[in-house]
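A.B. asks: The following block contains a protein sequence and its predicted model.
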Amino acid sequence: MSLKKMIEEKFPQQTNEDWEQSAEKALKGKSLETLSRNTYENIKLKPLYSREDLETGALSQFPGAEDFRRGSYAAGYLSEEWKVAQKISASSSEELSDKLLAAIKTGQTALAFEPEQLKNPEKISLAVGELYERYPFSVDAGRNQHLIMAGLGKVKEREKVSGYVAADPLAIAAADTLNDRSIDELYETLNQTMSDAAINLPSLKTIMVNSAVYHNSGANAVQELALALAAGVNHLQYLLDKGKSLEQILSKMVFKFAVGSNFFMEIAKLRAARVLWGNVAEAFGAEGDSKKMVISAETSFFTKSAYDSYVNMLRAGNEAFAAVLGGIQYLHVSPYNDPERAKSPFSERIARNTQLILREEAHLLKVSDPAGGSWYIEHLTNELCSKSWELFLEIEEQGGMADALQTGWIQDQITQVLEKKKKDVHTRKQSIIGTNIYANLDEKPLQAEMETVQNSKSDLKTIPQVRLSESFEGLRNLSERLKGKGIRPEAGLICLGALKDHKARADFISGFLAPGGVGAVKSGSVNNPEDAEAFIQKTNCRHYFICGSNEQYESMAVPLIKQLKEAFPSAEIYLAGLPEEGKKDEYKNAGIGGYIHVKSDCYGTLLNMLNEMEAASNGQ
């Protein structure tokens with residue numbers, strides 16, 4: 001074929017119907033519906049998306065154009081780089097100064113730190129030196145905002161202080177267990193701080209909408225967006241009532257989002273946030289660039305685990321990638337040891353380098369809206385916009401964000417989603433690598449701290465900041481406690497017949513037990529009840545699992561269970577797999593303790609086992 005013909009050659013146009021026919025053939029009789037699934041946002045995901053899945057006019061034509069879903073700037077990060085804003089932990093201004101200088105030398109591009117760790121935040125001017133003239137601030141100031149602002153008022157060229165040192169009264173009252181002020185008191189402080197900053201620090205943003213608080217308590221993407229909108233509206237209405245102008249308020253606002261593990265959903269969430277806030281700002285009378293949203297993002301605390309902690313690097317990398325593709329302005333990547341609320345030079349360096357790889361090696365600075373053109377992401381963006389707006393209106397019907405928090409309505413909504421997520425983790429429908437699946441029995445975990453829930457002076461029902469892996473980590477703690485008492489957290493596997501007959505189910509049970517820190521003690525090939533009795537006599541465990549093929553279960557499982565229960569009445573005997581429905585009564589009458597299969601509640605089963613081991617050791 002000549003070069004000219006090769007250039008003119010075209011692939012045949014394929015339709016959705018062509019794909020459906022091919023998919024149905026590959027599924028061998030199963031319906032296409034089996035490829036669809038629902039998300040925690042109640043969005044039905046299809047296996048294929050095309051232009052037909054978008055509503056007319058629902059797609060911005062160019063980056064930087066309204067409705068800003070494709071980014072706030074036409075050239076993307078080419079015109080406005082996102083800021084590497086790794087939060088530095090230091091207790092003194094001297095230590096913070098040293099760490100900021102070191103961070104700047106290794107790629108940091110924003111002055112970010114954890115104000116609650118700083119003993120004298122009012123001395124911040126000593127820590128930043130002249131760095132503020134070249135780098136913007138990126139600080140969620142929380143309860144310490146007024147102290148930090150007072151400190152920044154002492155720098156020489158205050159008009160050069162940029163970025164944000166911001167606070168969200170609603171988030172502080174809802175999530176800060178140490179808070180001793182009501183929402184009204186926190187708003188009064190914010191209003192005064194904003195007024196002072198307008199005179200002393202005119203280029204600094206001071207108002208935050210902190211959606212990360214709700215993400216890290218288990219909220220889904222729709223809830224995060226709706227709560228961010230409602231909080232933003234609450235801020236606007238309060239400050240407008242205090243005499244501030246709309247333009248002044250909008251120019252001082254920054255939105256903080258946590259970015260989770262659902263890669264495409266998180267990209268769409270950040271895109272939808274810009275669309276939705278643009279609509280809200282327009283409804284208040286804003287025009288042009290004042291409708292744009294400034295987003296500060298951080299990787300999720302909710303998704304991190306204390307076990308197999310280096311996997312947290314991979315999780316944070318995935319989340320940081322989604323954040324950048326979503327079009328953020330500031331980014332903090334959590335260190336792998338974040339669950340223990342401690343850092344090390346190594347963990348901080350790896351976290352910072354994660355961003356630098358995205359900037360320098362993945363070349364994401366050089367692409368405007370890298371997620372553009374994905375029908376899937378565009379569809380998710382539209383779905384999130386629609387569902388979030390509905391929930392936002394529902395919050396407004398509750399009296400607005402502040403009232404909905406004070407009545408506990410928002411907390412209850414989030415708790416419902418959190419319970420669904422926990423259930424999926426407990427049944428291993430959702431995997432946490434190294435925690436509820438592929439767990440390592442010999443691993444030493446991070447020394448993670450569990451948050452103690454308290455109520456603040458405002459009588460709000462506190463929104464706890466949690467991690468999804470905490471329940472399984474609790475199992476491992478219980479297992480270690482048993483070891484400390486001299487109890488072996490082990491279970492026996494009665495392996496029927498040859499290796500090929502029992503290996504698959506024996507491996508499954510071993511993996512099922514490991515997330516609770518329970519070791520699997522395997523028998524040799526068991527061919528008769530006497531072999532099984534000898535194994536139980538030797539191992540003296542409390543729990544045993546019969547592992548074999550369906551054919552072996554059919555021929556020998558029921559009489560084997562019956563004989564073993566007669567010989568060892570205190571032993572709990574389980575079957576690996578599910579028997580036929582008509583056989584369950586026979587197994588029950590024989591004394592079976594239960595069935596362990598892919599849909600079993602792994603957490604509940606292991607918790608019961610460990611509690612029974614502890615009770616047996618106490619003679620109960």
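C.D. replies: Now that the structure is in, tell me what you want to look at.
A.B. asks: What helices and strands are in contact with the helix or strand containing residue 379?
C.D. replies: Secondary structure assigned from DSSP states H and E places residue 379 in helix 375-397. Contacts defined by 3 or more C-beta pairs under 8 Å, 6 or more residues apart in numbering; DSSP states H and E place helix 375-397 against helix 221-241, helix 263-283. For the C-beta atoms, the positions are set from N, CA and C on the backbone; glycine is no exception.
A.B. asks: got a list of contacts for that helix?
C.D. replies: Identification of contacts with helix 375-397 by C-beta atoms under 8 Å, 6 or more residues apart in numbering yields 41-43, 49-51, 53-55, 58-59, 69, 221-223, 225-227, 229-230, 233, 264-265, 267-269, 271-272, 275-276, 279, 371, 401, 404, 410.
A.B. asks: Of those residues, select the buried ones using a PyMOL command.
C.D. replies: With 16 or more other C-beta atoms under 10 Å as the criterion, this PyMOL line picks the buried residues out of those:
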select buried, resi 41+43+49+53+58+59+69+221+222+223+225+226+227+229+230+233+264+265+267+268+269+271+272+275+276+371+401+404+410
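A.B. asks: ok, and the closest non-adjacent residue to residue 439?
C.D. replies: For residue 439, ignoring the flanking residues on the chain, the nearest one in space by C-beta to C-beta, 6 or more residues apart in numbering is residue 514 at 4.0 Å.
A.B. asks: swap in residue 249?
C.D. replies: Nearest in space to residue 249, with sequence neighbours left out and distances taken as C-beta to C-beta, 6+ apart, is residue 239 at 5.0 Å.
A.B. asks: if I look at that neighbour, how far off is residue 284?
C.D. replies: Distance of residue 239 to residue 284, computed by C-beta to C-beta, to the nearest Å: 11 Å.
A.B. asks: more crowded one of the two?
C.D. replies: The neighbour count for residue 239 versus residue 284, taken as other C-beta atoms under 10 Å, is higher for residue 239 (22 against 16).
A.B. asks: what's the pLDDT at the more buried one?
C.D. replies: pLDDT, residue 239: 97.
A.B. asks: does it really touch residue 191, like I thought?
C.D. replies: Yes. If you go by C-beta atoms under 8 Å, residue 239 and residue 191 touch, sitting 6.4 Å apart.
A.B. asks: need the strands for this protein, in chain order.
C.D. replies: Assigned by DSSP state E, the strands in the chain fall at 37-38, 44-45, 83-84, 137-140, 163-167, 204-210, 253-259, 295-299, 330-332, 490-495, 519-522, 543-547, 572-576, 594-596.
A.B. asks: Setting aside sequence neighbours, what's the nearest residue to residue 64?
C.D. replies: By the measure of C-beta to C-beta, 6+ apart, the closest residue to residue 64 outside its immediate chain neighbours is residue 74, 3.4 Å from it.
A.B. asks: and the one you found, backbone torsions?
C.D. replies: Here is the backbone geometry of residue 74 (degrees, to the nearest 10): phi -60, psi -40.
A.B. asks: what's the distance between it and residue 296?
C.D. replies: Applying C-beta to C-beta, the value for residue 74 to residue 296 is 22 Å.
A.B. asks: When those two are compared, which one has more neighbours?
C.D. replies: The residue with more neighbours, out of residue 74 and residue 296, is residue 296; 29 against 14, by other C-beta under 10 Å.
A.B. asks: what separates the residue nearest to the more buried one when sequence neighbours are not counted from residue 230, distance-wise?
C.D. replies: Distances taken as C-beta to C-beta, 6+ apart put residue 330 closest to residue 296, at 3.9 Å, once the chain neighbours are dropped. From residue 330 over to residue 230 the distance is 22 Å, taken as C-beta to C-beta.
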